[in-house]
Structure formats: C-alpha cells, structure tokens
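# sequence? don't have it. structure:
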C-alpha cells in the first residue's frame, strides 16, 4: 500500500497525470498582421534603379511579443490572454514594408545583411503598437520612426516619424487586429510617399 | 540839264576814287598776298640763322619757292627758338613730314631756308596746330651740319685716344716695360744655360705620354670586356625589373580587390551584427517576459484572472 502511494505521487510530480485539464477553457486565437490595402504592381525596377536595404523593424520587447497589446489607462499596457499574432510584429512589419516597396518599382529592395550591396539603408522602429481601450471600442495606435541612411557616405539622409490612429469596429481582439491591418496599410502608404521624395 | 550832267560826272569820279581806294587798302592789307602765298611757321632751335634776313629765299630742291617774311625770338618747351615765318608760292605742295634747315653759301655767307618735302603719299600741310596761326614745318638738319657733327665727334674720339696713349706711355709705364724686357732677357739666358735639363724634361714628358697611351689602350680593352658583362647584367636587370613591375601590378590589383572585399565584408558584417544584436535584444526581452510569467505559477496552472483579461475576453 505504501509503495502504491509513493508511485502515484511520483507520477503526479512527473506530470504524467493532469489534475487541471478543463474541457471548457477558452480557445487561443491567432491573428495575421497584414497590409489591408496592398498596392498594385508598379513598373519593374531596372539595373540603374538604386538599391534600398531594409533592416528588420525594431520594437520593444513588450510590443514585439506574440500577444496583442492593449491599454485601458494612460501609462499602462496589458496583453490579450486569448489572442496572439502569428508572427512577431517587428519582423512581420518589415516583411510587409519590403513587399510594399518592391511592388512600387522605384527601388530595388533587399534585406540588410545579405550579399547585396545597397545604396541606401532604411531603418525602422515600432515605437507604439497597441489597442487604446480607454473608451469602447477604442483606437489602434501605431507610431513608426524611420531613418534613411546613405551607405556610400554613411550620412543620415532623412528621419521621420509616422503616426496612425484607426478606430476599431468592435471592442475586442478581432477588432484590434482588423484596425492594426488598416493602420499598417496607411503607414506603409506614408513611408512609400516619403521615400519617393527622398530618392 | 547842264547842272545835272556835272553831278553825274562828279558821282562817277567819286565812285571811281572809292573803288581805287578799296583796291589800295586790300593791297596794303596783304589780302592779295594771302591769295598768292601759303604761309608757314618754322621754329629753329638747333641751327644758327647767320646770313638769314627778311626776304631771304625759301627753296625746295634748290628752286626758290618763297621768301622769309619775318622772324622773332620765342620760348618753346622751355627752350629759346627763332620763329621764322615763310611765304611759299601757292602752287607748291608742302606735305606733312616736311622739314626745313638753313642752307648757307660758304663763299658769300648768304643763307636760305631749304625745305625737304615730306612723302608724296602724305596729305598736304594745311592745318595750323592749336595755338598756331599758320601750319608748322618741323626743323630738320642740313648735310653740312651732319658732317660737322661727325667731324666734331671724330675729333673728340681722337682726342680721347691720344689722351689714353699719353697715359700708356707715361714715365712709370716706360720703366715697367723696360723692366719687363730686362726680365725676358734674363729668362732667355737661363733657358739657354739649362738647355740640357730642358731636353731631359721634354724626353721625360714624351716617355710619360707613351706610357699614358699604352695605359689608355689597356683601359679601352678592359672597358670593351666590361661592356659585354655590363650589357648582360643590364639585360638581366631589365628582365628582373619587368617581372617586378608585373608582380607589383598584380599585387596592387589584388590589394585593391582585397580592399573592396574587406569593405564589402565590413558593410555586410555591420548590418549582420545589427540584425543579430536586435534579435538578441528581442530574445532577451522575450525571455524576460517569460520569466515574469513564470514568476506567477498560479496563472500558469489555473489561467488568467478577470483583471488580466483583455477587451472582449471572458473566462469560461
């Protein structure tokens, strides 16, 4: 008897027995951050078109995690418990940025750090990316800081900060994800216009 | 009628007298001369006017073409000059560039003004300069003056030569020349006395010359032999230099290529390091967040609380 009790305790400590499994627990939902209004394909970049290297977008650890982030009061942040991004927002935003700029044809786009030598470097940082839930349904706030560097002379050509606040259609994670896609699309529009003038 | 006829005669006579008086006045005022002559001014500064008087002839190429009308002393450019006014026949063309000089008869001493006309292609001398009443003919110089000047210069040079010869043949120089001659005499005596020694010296110089010639021939042969060796060495050196130049060129090309690759590697490496550092920082942040979650085991084991839920979320 004593041996059976010890064996049961050992299995329980080893995790072979689940005491907390609940059949009615909430399901986790994964959202894909996307460009809500992708640009139509433009002219194909020629050999004389300058090359733009795009670094992965930097972000603070809190924003660059899987959970969607919200804020009920100024100066506070929280994470959705049952909503996740499929990919870290920083990495995903950089991919969307490269895809958008590549379709325009005004630059030859490549990722930084590869074998391609570039004429200029685009460095971006997600400063804010959260659902402002201080009032229902709230807004999705996105702030992006971008710097354009000339690689030949190592000179900062231009620096600009882009801000977008998109109202949510529903006061939940799904509404926040839809608004995030729209905010990303608008910021990409602004960045493309800025790069066209800075070329 | 008789009285009126007398008045007519008197009036005619009066008019005739008035006309004659007018002609006389014109003649006396010299207006006629203005018509018949051209008047010129000549300023003489260098030449003597000895023998020249009012009425003296003015000639051109030996032919009398006018007369001297007047002369007066004037100051011109700070120098004293004699202004001679000459009247030249109207038909005589005097061109610009004409020059006048005094031509004097050596026997009688009578002088005349001779004009050397200017070039025929030149314009006529008609206009008077500013401040002058008549056109001005420049002062020239006569052949006699040129001869006299040359003779005077010759006399001056001759006098200078004579003076220098006088200095050369001074008493001191005569004594020095005499001493030199005496020394030469003594030297020639010594040479005659030492003729044998001089012959020996000449023979020695001749022997030395022969040896020098033989030495020159030997040097020439040695140089010929050395030339062949030097040419060989030069060819080898030239070949070695060409190879060295090619090697340096290749080295330079390789260095340039290596530099470009290093630069490219540096640029790529910088960007790679930037990416890696960002990934490391993000991973550290994620680990930090995970650590923070693990610090609350209850939430891991039993799920989030009501306060942790996001908008629209609810516990089952």
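Ah, there it is. Keep in mind the model is a prediction, meaning the values are calculated, not measured.
# Could you look up the SS state of the residue in chain A that chain B sits nearest to?
Closest to chain B within chain A is residue A:61: 2.0 Å, counting by C-beta to the nearest C-beta. For glycine as for every other residue, the C-beta is placed from the backbone atoms N, C-alpha and C. Of the three states, residue A:61 takes coil under DSSP: H, G, I helix; E, B strand; the rest coil.
# that's a strand at residue B:11, yeah?
No. Counting by three-state DSSP, residue B:11 is not found in a strand; it is helix.
# the bottom helix or strand of chain B by mean pLDDT?
When the helices and strands of chain B are scored by mean pLDDT, DSSP states H and E, helix B:31-36 comes last with a mean of 57.
# Now do the same for stretch A:98-109: mean pLDDT, whole number.
Here stretch A:98-109 scores 90 as its mean pLDDT.
# same question but for stretch A:125-139, I mixed them up
94.
# Just the residues contacting that stretch, thanks.
Stretch A:125-139 has contacts (C-beta atoms under 8 Å, 6 or more residues apart in numbering or on different chains) with A:57-60, A:63-64, A:68-74, A:77, A:89-90, A:93, A:140-146, A:161, A:165-171, A:173, A:175-176, A:179-180, B:310-311.
# hmm, which of the residues you listed are the buried ones?
A:57-60, A:63-64, A:68-71, A:89-90, A:93, A:140-146, A:166, A:168, A:171, A:173, A:175-176, A:179-180, B:310-311 (16 or more other C-beta atoms under 10 Å in any protein chain shown).
# Filter these down to just the ones in helices.
In helices, defined here by DSSP state H, the members of the buried ones among the contacts of stretch A:125-139 are A:89-90, A:93, A:173, A:175-176, A:179-180.
# Could you look up the SS state of residue A:76?
Applying three-state DSSP: residue A:76 is coil.
# Give me the distance between it and residue B:256.
Separation of residue A:76 from residue B:256 (C-beta to C-beta, to the nearest Å): 59 Å.
# which residues does residue A:121 contact?
Contacts of residue A:121 by C-beta under 8 Å, 6+ apart are A:52-55, A:112, A:148-149, A:151, B:271.
# just residue A:165 next, same as before
A:132, A:139-142, A:183.
# Same question for residue B:120.
Residue B:120 sits next to residue B:95 when contact means C-beta under 8 Å, 6+ apart.
# What values do phi and psi take at it?
Recorded main-chain torsions at residue B:120 are phi -60, psi -30, according to degrees, to the nearest 10.
# For it, report the pLDDT, please.
Value for residue B:120, per-residue pLDDT: 87.
# what's the helix or strand for residue B:187?
helix B:171-193 (DSSP states H and E).
# dump the residue contacts of the spatially most central residue of chain A.
Chain A has residue A:89 as the residue nearest its centroid, 2.1 Å off, counting by C-alpha atoms, centre = their mean. Counting by C-beta under 8 Å, 6+ apart, residue A:89 touches A:33, A:57, A:59, A:63-64, A:126, A:129.
# repeat that for 7 Å
A:33, A:59, A:63-64, A:126, A:129 (C-beta atoms under 7 Å, 6 or more residues apart in numbering or on different chains).
# on that earlier part again, taking the ones in helices among the buried ones among the contacts of stretch A:125-139, tell me the two that lie furthest apart.
Farthest pair in these (C-beta to C-beta) is A:90 and A:175. Separation: 22.3 Å.
# Can you give me the end-to-end span of stretch B:300-308?
13 Å (C-alpha to C-alpha, to the nearest Å).
# and it, is it in reach of chain A?
Yes. Residues of stretch B:300-308 contacting chain A under C-beta under 7 Å from any C-beta of the partner chain: B:301-304, B:308.
# Buried only: go through those residues for me.
Applying 16+ other C-beta under 10 Å to the residues of stretch B:300-308 next to chain A flags B:303-304 as buried.
# residues from the stretch 151-300 of chain B in reach of chain A?
Proximity of the stretch 151-300 of chain B to chain A (C-beta under 7 Å from any C-beta) is limited to residues B:264, B:267-268, B:271-272, B:274-275, B:278, B:282, B:285-286, B:288-289.
# Which single one of the residues you listed is nearest to chain A?
Of these, the one sitting nearest to chain A (C-beta to the nearest C-beta) turns out to be residue B:285, at 2.0 Å.
# Pretty sure that closest one sits against residue A:61.
Yes. Taking contacts as C-beta atoms under 7 Å, residue B:285 lies within contact range of residue A:61: 2.0 Å.
# Contacts only, for residue 73.
You didn't pick a chain, so chain A it is. Contacts of residue A:73 (C-beta under 7 Å, 6+ apart): residue A:134.
# Correction: the question concerned chain B.
Contacts of residue B:73 (C-beta under 7 Å, 6+ apart): B:80, B:82.
# does it count as helix, strand or coil?
strand.
# ok, and the closest non-adjacent residue to the residue nearest the centre of chain B?
The centroid of chain B falls nearest to residue B:97 when counting by C-alpha atoms, centre = their mean (28.0 Å). Leaving aside its sequence neighbours, residue B:97 sits nearest to residue B:118 (C-beta to C-beta, 6 or more residues apart in numbering or on different chains; 2.8 Å).
# Now for the one you found, how many residues are close by?
Number of residues near residue B:118 (other C-beta atoms under 10 Å in any protein chain shown) recorded here: 19.
# how near is it to residue B:99?
Using C-beta to C-beta, residue B:118 is found at 8 Å from residue B:99.
# Please apply the same query to residue A:155.
Residue A:155 is 83 Å from residue B:99, by C-beta to C-beta.
# My guess is residue B:42 contacts residue B:137. True?
Yes. Between residue B:42 and residue B:137 there is a contact at 4.9 Å, judged by C-beta under 7 Å.
# Chain B contacts on chain A?
Counting by C-beta under 7 Å from any C-beta, chain A sits next to chain B at A:20, A:24-26, A:53, A:55-56, A:58, A:61, A:64-65, A:70, A:78, A:80-83, A:90, A:112-113, A:117, A:131, A:133, A:151, A:171-173.
# Which members of these occur in strands, if any?
Per DSSP state E, strands hold the following members of the residues of chain A next to chain B: A:53, A:58, A:70, A:78, A:80-83, A:131.
# of these, closest to residue B:29?
residue A:53 (111.5 Å).
# Which of the helices or strands spans residue A:149?
Applying DSSP H and E, one finds residue A:149 within strand A:139-150.
# Paired strands for that strand, with orientation please.
Counting by DSSP bridges, the strands paired with strand A:139-150 are strand A:120-132 (antiparallel), strand A:155-167 (antiparallel).
# Nearest to residue B:219, out of those?
Here strand A:155-167 is closest among those (C-beta to C-beta), at 71.4 Å.
# thinking again about what came up before, helix, strand or coil for the residue nearest to the centre of chain B?
Classified using three-state DSSP, residue B:97 is coil.
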